[in-house]
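[1] got a sequence here, can you model it:
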Amino acid sequence: MIKAQLTKCLKEGLKFPESKGVQQRGIADKIEDACNEIIKATFKDVRPAKSRRSIEDVNIGNTYVDHKTSDAALDFKMPNMISIDRLRKLDRELIYNFVVYDSNKKEIIDTFALNVYELNWDYLKIQNLGKGQLQITSMVEFLKAPKTKLNKEQWLERLRAEAVAFYKKVQKDAEKRQAEWQKVVDNSAQT
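    This next block holds a predicted model:
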């Protein structure tokens, strides 16, 4: 229900912001601020994120909403989504509000909302940042087919499998680095 309303109000009300002299991140910030204003005008019980480190940009009732902007004028984008540790402990619905814009044409191309468990695993990967960060591997490809065919339970099972594989790889990499450093220590002790 919130996803459909969110998409509808933003498709109708979101306009490309004034961007003269503003870099890409500045444009994205302006778009995200405009999304928040439209959301506040459309929904009841809207609250801002509790801190800069919050997973959401805004709360609608008991739902986290996190904006993800993507500039179609850029070829390579691999946005971070959420720490897998935070995702494992998620206590309520998390909706990603995707806004695709073109900074060259100065237009909003599309906006749509997906629950975190609807993200297409074909374009997701866990990267080595903190305890592991869920990341979209190619935003360009993801936008062609953003929604998974998995149900929530299947999606979470895939997350568990990917997390276990990720931590095994991290462990193997750490052991390799440790062995390399041990050689340095052993060689310096011999000289």
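
[2] look up phi and psi at Asn120.
    Main-chain torsions, Asn120, degrees, to the nearest 10: phi -80, psi 110.

[3] typo on my end, Gln5
    The phi/psi pair for Gln5 (degrees, to the nearest 10) is phi -60, psi -40.

[4] and it, how far is that from Lys50?
    Distance from Gln5 to Lys50, counting by Cβ to Cβ, to the nearest Å: 23 Å. From N, CA and C alone the C-beta is placed, and that goes for glycine too.

[5] those two: which has the busier surroundings?
    Set Gln5 next to Lys50 and count neighbours by other Cβ atoms under 10 Å: Gln5 wins out with 14 against 10.

[6] neighbours of Cys35, just the number please.
    Counted with other Cβ under 10 Å, residues neighbouring Cys35 total 23.

[7] that one: which element?
    If you go by DSSP states H and E, Cys35 is part of helix 24-42.

[8] just after that helix, pick out the following helix or strand.
    Trace forward from helix 24-42 with DSSP H and E and the next one is strand 46-48.

[9] outside of that next one, which residues touch it?
    With Cβ atoms under 8 Å, 6 or more residues apart in numbering as the test, strand 46-48 has contacts from Asn36, Ile39, Lys40, Asp57, Val58, Asn59, Ile60.

[10] check stretch 5-15 too.
    31, 34-35, 38-39, 41-43, 60, 65, 95, 97, 99, 108, 111-113.

[11] list the buried residues of that stretch.
    Residues of stretch 5-15 classed as buried: Leu6, Thr7, Cys9, Leu10, Leu14 (neighbour count, 16 or more other Cβ atoms under 10 Å).

[12] try stretch 58-77
    Within stretch 58-77, the residues that qualify as buried are 58-60, 63-72, 77, counting by 16+ other Cβ under 10 Å.

[13] quick check: the farthest pair among those?
    For the buried residues of stretch 58-77, the farthest-apart pair by Cβ to Cβ is Asn59 and Ala72; their separation is 28.5 Å.

[14] quick one: secondary structure of the closest residue to Leu134 other than its chain neighbours?
    Of all residues not flanking Leu134 in the chain, Met81 sits nearest, at 4.4 Å (Cβ to Cβ, 6 or more residues apart in numbering). Per DSSP: H, G, I helix; E, B strand; the rest coil, the local secondary structure of Met81 is strand.

[15] contact partners for Met81?
    Lys68, Tyr96, Val116, Leu119, Leu124, Gln133, Leu134, Gln135, Ile136.

[16] Leu156 sits in which helix or strand?
    helix 152-190.

[17] for Leu114, see how far away the closest residue in space to Met139 that isn't next to it in sequence is.
    Excluding the flanking residues, the one nearest Met139 by Cβ to Cβ, 6+ apart is Lys77, at 3.8 Å. For Lys77, the distance to Leu114 equals 17 Å [Cβ to Cβ].

[18] same question for Lys147.
    In terms of Cβ to Cβ, Lys147 sits 6 Å off from Leu114.

[19] the more surrounded of the two?
    Neighbours were counted for Lys147 and for Leu114 using other Cβ under 10 Å; Leu114 has more, 19 against 12.
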